[in-house]
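# Sequence first, predicted model second:
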There are 2 protein chains.
Amino acid sequence: METILIVEDDPAMLRGLKDNFEFKGYRVLTAADGETALNAALDKKPDLIILDIMLPKINGYEVCRLIRQEKLDMPIIILTAKGEESDIILGLNLGADDYVTKPFSIKELLARAAAFLRRSRQTDQDVYEFGDYRLDIPARKFTREAEEIKLSPKEFKLLELFLKKPGRALTRDEILNAVWGYDCYVGPRTIDRFVTTLRNKIEPDPHNPSYIHTIREIGYKFEPPE
Amino acid sequence: METILIVEDDPAMLRGLKDNFEFKGYRVLTAADGETALNAALDKKPDLIILDIMLPKINGYEVCRLIRQEKLDMPIIILTAKGEESDIILGLNLGADDYVTKPFSIKELLARAAAFLRRSRQTDQDVYEFGDYRLDIPARKFTREAEEIKLSPKEFKLLELFLKKPGRALTRDEILNAVWGYDCYVGPRTIDRFVTTLRNKIEPDPHNPSYIHTIREIGYKFEPPE
DNA sequence: CAAAACGGTAACAAAACGGTAACACGAAAG
DNA sequence: CTTTCGTGTTACCGTTTTGTTACCGTTTTG
């Protein structure tokens, strides 16, 4: 679960933010002053920080700067009173990623936070490896110990999806959307067929799959070795 | 010193970006609308353009298209608020090189910009060799063991592209943009024809290509020997 | 335990895709 | 002015890929 640190000294506002983010399913840490905030950031390494500028002890800019000085690079969204353009500029210069001006819509803040978290979640690699296998996306090449294994376009996309979401049970719908696209209507058994051919190409024993597991009623799951 | 043109209509964001890039040691030009941006690009020929899509007067796509129409080929990174894949594809088709969706992290934007500048800084080689072949770019001459092989202009550009991106699967769009230009609309089979003639000139067995490989549904890939 | 639901898979037909020869057109060269 | 060359399009062909179906075994459910 993703952790968010909210730094805000107005108790009512803090409470409101906390409830909203928790309702969305995030784990929320809070801090009411700069010092606490800094310690929490260094200690708990949250995935995102929402940072008010006006703070007791250490102000928001300083917190921002110090966090970056510690080489932490989680996104920071600063909350700044309306219209203070210079605040925004200063904030961005000290390493903030985005700003929201007060008064703000909670919906907007939630949306921006979600966008940052989505982005940092998907760090697409160029090359994926598991066991002896290696999928090179830019070269569009799948190999097992230097020996190329030919994959059709759909097979390639399917394997790519599995490798990008290892250990996660993917529903048939998710697979369909990712590999066949959103407006494509293929029969319900098409996925199975492609999983079978993929298994035949990568599983040591296709009848007892060790990589691509069937999750009954749901879909499939790719489980890398180790 | 490298010059960057930043096109963004939100003054606070523009200022923040400008400061960050200046801090990194770039010379920064700015524009707040499409018309100004276009003039600045044509006039000052920056090394990189960071281009917001939502702009007054002329929108970002149009700016992008017009810049390419003028045969300027500096990298363009578009900033798009909508994470819609179709928008991104539209942008890339109009000649953009990369996109960053808002909200974005400044760090990431700086990193991408640096990557593009690094790439364009390294002056391309003058001569490329593979197997017995040798492509001399300044002399516009292609030889096999001292014996010249005549290439038409388009064939030359195509081979040049392949040699510059060895081992990478190039999409038809990438090839089209690089060889035919951004605003050129030739039929979808034209590339294939030129690949065929190229193969006939360089492949020992054109029916079983060892250099220029077909990647179904994607495009082609040049694979140098060893 | 029987029936139903579900997934594995072989076989097949249709569609998609790329290779390429032939052709048309215009520009450049002779 | 004629010829040659470069370019882009089209049509035909073979291959690969894809989606569906049917049949089967296994698991779940009532």
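Received it, and whenever you're ready, just let me know what you need. Computed from a predicted model, the values in this text were never measured in an experiment.
# which of the residues in the helix or strand that contains A:Ala12 are buried?
A:Ala12 belongs to helix A:11-23 when elements are defined using DSSP states H and E. For helix A:11-23, the neighbour count (16 or more other Cβ atoms under 10 Å in any protein chain shown) marks A:Leu14, A:Leu17, A:Lys18, A:Asn20, A:Phe21 as buried. Yep, even glycine has a C-beta here, placed from its N, CA and C like the rest.
# again, but for stretch A:77-96
By 16+ other Cβ under 10 Å, the buried positions in stretch A:77-96 come out as A:77-80, A:84, A:87-96.
# does A:Leu163 really touch A:Phe222, like I thought?
Yes - counting by Cβ atoms under 8 Å, A:Leu163 touches A:Phe222, with 6.8 Å between them.
# Which of those two has more residues huddled nearby?
Higher neighbour count among A:Leu163 and A:Phe222: A:Phe222, with 22 against 19, using other Cβ atoms under 10 Å in any protein chain shown.
# who are the neighbours in contact with A:Lys141?
Contact analysis of A:Lys141 by Cβ atoms under 8 Å, 6 or more residues apart in numbering or on different chains lists A:Leu135, A:Glu148.
# Against B:Asp205, how distant is it?
Here A:Lys141 is placed at a distance of 21 Å from B:Asp205 (Cβ to Cβ, to the nearest Å).
# likewise A:Asp9?
Using Cβ to Cβ, A:Asp9 is found at 75 Å from B:Asp205.
# more crowded one of the two?
Higher neighbour count among A:Asp9 and B:Asp205: A:Asp9, with 17 against 8, using other Cβ under 10 Å.
# So that one versus A:Ala32, what's the distance?
The gap separating A:Asp9 from A:Ala32 is 5 Å, by Cβ to Cβ.
# Next, show the common contact partners of those two.
With Cβ under 8 Å, 6+ apart as the test, A:Asp9 and A:Ala32 both reach A:Pro56.
# tell me, how many neighbours does A:Leu170 end up with?
Neighbour tally, A:Leu170, other Cβ under 10 Å: 21.
# Which one of the buried residues of stretch A:77-96 is nearest to DNA strand D?
Lowest distance from DNA strand D to the buried residues of stretch A:77-96 (Cβ to the nearest atom of the strand) belongs to A:Ile77, with 41.3 Å.
# Just list whatever residues bridge to that closest one.
A:Ile50, A:Asp98 (DSSP bridges).
# Just name the closest of the buried residues of stretch A:77-96 to chain B, please.
A:Leu92 (3.1 Å; Cβ to the nearest Cβ).
# what angle do the helix or strand encompassing the closest one and helix B:11-23 make?
For A:Leu92, the host element (DSSP H and E) is helix A:85-93. Counting by axes from the mean of the first three to the mean of the last three Cα atoms, to 10 degrees, helix A:85-93 points 40 degrees away from the direction of helix B:11-23.
# Return helix A:85-93 as PDB; C-alpha atoms alone will do.
Extracted C-alpha coordinates of helix A:85-93, given in PDB (Å, rounded to 0.1, in the frame of the first residue of the first chain):
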ATOM      1  CA  GLU A  85       3.500  33.300  -7.500                       C
ATOM      2  CA  SER A  86       7.000  33.700  -5.900                       C
ATOM      3  CA  ASP A  87       6.200  30.900  -3.500                       C
ATOM      4  CA  ILE A  88       5.500  28.600  -6.300                       C
ATOM      5  CA  ILE A  89       8.700  29.500  -8.000                       C
ATOM      6  CA  LEU A  90      10.700  29.100  -4.900                       C
ATOM      7  CA  GLY A  91       9.100  25.800  -4.200                       C
ATOM      8  CA  LEU A  92       9.800  24.400  -7.600                       C
ATOM      9  CA  ASN A  93      13.400  25.500  -7.300                       C
END
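# That helix and chain B, any residue contact?
Yes - using Cβ under 8 Å from any Cβ of the partner chain, helix A:85-93 comes into contact with chain B via A:Glu85, A:Ile88, A:Ile89, A:Gly91, A:Leu92, A:Asn93.
# Stretch A:130-140 too?
Yes - legend: contact between stretch A:130-140 and chain B by Cβ under 8 Å from any Cβ is shown at A:Pro138, A:Ala139, A:Arg140.
# Just the C-alphas of that stretch, formatted as PDB.
The C-alpha atoms that make up stretch A:130-140 are tabulated as PDB, following Å, rounded to 0.1, in the frame of the first residue of the first chain:
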ATOM      1  CA  PHE A 130      13.800 -14.100 -15.400                       C
ATOM      2  CA  GLY A 131      15.600 -17.400 -15.100                       C
ATOM      3  CA  ASP A 132      17.600 -17.900 -18.200                       C
ATOM      4  CA  TYR A 133      15.200 -15.800 -20.200                       C
ATOM      5  CA  ARG A 134      15.500 -12.300 -21.400                       C
ATOM      6  CA  LEU A 135      13.000 -10.100 -23.100                       C
ATOM      7  CA  ASP A 136      14.500  -7.100 -24.800                       C
ATOM      8  CA  ILE A 137      11.800  -4.600 -25.600                       C
ATOM      9  CA  PRO A 138      13.600  -2.100 -27.900                       C
ATOM     10  CA  ALA A 139      15.100  -5.000 -29.900                       C
ATOM     11  CA  ARG A 140      11.900  -6.900 -29.700                       C
END
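# quick one: contacts of that stretch?
Applying Cβ under 8 Å, 6+ apart, the contact partners of stretch A:130-140 are A:125-129, A:141-145, A:149, A:156, A:159-160, A:163, A:166, A:202, A:211, A:224-225, B:167-169, B:215, B:218, B:221.
# Point me to the residue of chain A nearest DNA strand D.
A:Gly187 (2.6 Å).
# give me the subset of the contacts of stretch A:130-140 touching DNA strand C.
By Cβ under 7 Å from any atom of the strand, the members of these lying near DNA strand C are B:Ile218.
# And the lowest mean pLDDT element among the helices and strands of chain A?
For chain A, counting by mean pLDDT, DSSP states H and E, helix A:85-93 ranks last in confidence among helices and strands (a mean of 75).
# Show me what that one packs onto, helices and strands only.
Counting contacts by 3 or more Cβ pairs under 8 Å, 6 or more residues apart in numbering or on different chains; DSSP states H and E, helix A:85-93 is packed against helix A:60-69, strand A:76-81, strand A:98-102, helix B:11-23.
# On the pLDDT front, check the residue lying closest to A:Leu14 once chain neighbours are set aside for me.
Of all residues not flanking A:Leu14 in the chain, A:Glu8 sits nearest, at 4.3 Å (Cβ to Cβ, 6 or more residues apart in numbering or on different chains). Looking at A:Glu8, its pLDDT stands at 92.
# swap in A:Ala81?
As predicted, A:Ala81 sits at a pLDDT of 75.
# hey, what's it bridged with?
A:Lys102.
# surely A:Met1 meets A:Glu22?
No - here A:Met1 does not reach A:Glu22: they are 10.7 Å apart, not a contact under Cβ under 8 Å.
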